[in-house]
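Colleague: got a sequence here, can you model it:
(one chain, ligands or ions: 2)
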Amino acid sequence: MHSLEISRLKIWDSRTGSVIVPDSSFRVEQGKCLAIVGESGSGKSLTCRAIMRLNPASLQQSGHIELNGINLEELSDKEMRQFRGKHLCMIMQNGMRAFDPSRPVGAHLLKTLAVHYPWSRSDAIAKLKAALASVGLKDPDKVLKSYPYQLSGGMLQRTMIALALVLEPDVIIADEPTTALDAITQYEVVEQFIALRSRLGGMMIFVSHDLGIVKRIADDVLVMKDGHIIERGKTSDVLAEAKHPYTRYLVSSKLALSRHFTELMGGEAVVEG
Ligand SMILES: Nc1ncnc2c1ncn2[C@@H]1O[C@H](COP(=O)(O)OP(=O)(O)OP(=O)(O)O)[C@@H](O)[C@H]1O
Ligand SMILES: [Mg+2]
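Modeller: Ligands and ions are numbered 1, 2, ... in the order given. Sure, this is the predicted structure:
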């Protein structure tokens, strides 16, 4: 069974008792990309981190998370560390925070690979260089030698995508991976995500505020509000005929924005559906 299945996920703050995500169930099939959209604070990131088991200890979770028939709750923390990276890979909003600031990017990447694969150092370097070049980084040697602060946000996100290409995880969870980038870099990085998706053919969860990006990349979409999934379905259906008023509001604000953008650029107000 190649799928990621989340059932009855509940996330709460053990210090205050407040429930943030009461009861979420969804599934991602092999080869599919599921987008999660929704306003700030609706629980998208906590949901992603719950799958990875990366929420802070004060946040507790219950429910069932199963990947390819493996029940993730049954893994010890040590087993889960091993499982992440090779099977579940997360790409976050801010590339800088994903890397160890005190070491060159290459050292960090090699250490990650060494946890999961028995490759020699020179084999691992060769694979990384090929992957870095394939995501449009022109000088892979220089990237490997650079410290994270010496690379731009777009370069760091491409580097994370390159690492995912080498790790070939079953699931990639991308939490607003382009939000911190300028519009042009955003476009280019989204193109790399689309290529990554088709090259790996695994499962992807893509969190985004941008319905234009969601339309480009996702087969299915979940809309979250206040911790609840209020709408779900095929991306084209949800964008074309949202049932919930909140989703309709999201879609109409997106259309208003793209009209405004087109007008600013001096063009015709072309409405994309
Ligand atoms: N460590 C934490 N402890 C307690 N509450 C938290 C913690 N982290 C987040 N929250 C709360 O959980 C809710 C959901 O947060 P989450 O980060 O999942 O939102 P989000 O949908 O990802 O928002 P954004 O679009 O801004 O990234 C928010 O109300 C937030 O205040
Ligand atoms: Mg978030």
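
Colleague: which residues of the stretch 151-273 of the chain fall in helices?
Modeller: With DSSP state H, counting those that start in this stretch, the ranges of helices along the stretch 151-273 of the chain come out as 153-167, 183-200, 211-217, 235-240, 245-264.

Colleague: ok now the fourth one, how far from the chain's centre?
Modeller: Put plainly, it is helix 235-240. Taking CA atoms, centre = their mean, to the nearest Å, the mean C-alpha location of helix 235-240 is offset from the chain mean by 20 Å.

Colleague: now for it, which elements pack on it?
Modeller: When contacts are defined as 3 or more CB pairs under 8 Å, 6 or more residues apart in numbering; DSSP states H and E, helix 235-240 packs onto helix 211-217, strand 220-225. The C-beta positions use only the backbone N, C-alpha and C, and glycine is treated the same way.

Colleague: that older thread, out of the helices of the stretch 151-273 of the chain, deepest packed?
Modeller: Mean neighbour count, computed with mean count of other CB atoms under 10 Å, is highest for helix 153-167 among the helices of the stretch 151-273 of the chain, reaching a mean of 24.

Colleague: and that helix, how far out from the chain's middle?
Modeller: Per CA atoms, centre = their mean, the centroid offset for helix 153-167 relative to its chain is 12 Å.

Colleague: now do it, average pLDDT.
Modeller: In this model, helix 153-167 has an average pLDDT of 93.

Colleague: and what of stretch 57-67?
Modeller: In this model, stretch 57-67 carries a mean pLDDT of 97.

Colleague: hmm, who's touching that stretch?
Modeller: 3-15, 20, 24, 46, 50-51, 55, 71-73, 87-88, 170-171 (CB atoms under 8 Å, 6 or more residues apart in numbering).

Colleague: which PyMOL command selects the buried ones in these?
Modeller: Per 16 or more other CB atoms under 10 Å, the buried members of these correspond to this PyMOL selection:
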select buried, resi 3+4+5+6+9+10+11+12+20+24+46+50+51+55+72+87+88+170+171
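
Colleague: in helices only, show me the contacts of stretch 57-67.
Modeller: Of those, the ones assigned to helices by DSSP state H are 46, 50-51.

Colleague: now render those residues as JSON lines, adding distance to Pro104 and pLDDT.
Modeller: Shown next, in JSON lines, are those (distance: CB to CB, whole Å; pLDDT from 0 to 100):
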{"residue": "Leu46", "distance to Pro104": "32", "pLDDT": "97"}
{"residue": "Ala50", "distance to Pro104": "32", "pLDDT": "97"}
{"residue": "Ile51", "distance to Pro104": "30", "pLDDT": "97"}
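
Colleague: and which of those is nearest ligand 1?
Modeller: Nearest to ligand 1 out of the ones in helices among the contacts of stretch 57-67 is Leu46 (CB to the nearest ligand atom; 3.6 Å).

Colleague: so what's the closest one closest to, chain neighbours aside?
Modeller: Nearest residue to Leu46, sequence neighbours excluded (CB to CB, 6 or more residues apart in numbering): Ile11, at 5.2 Å.
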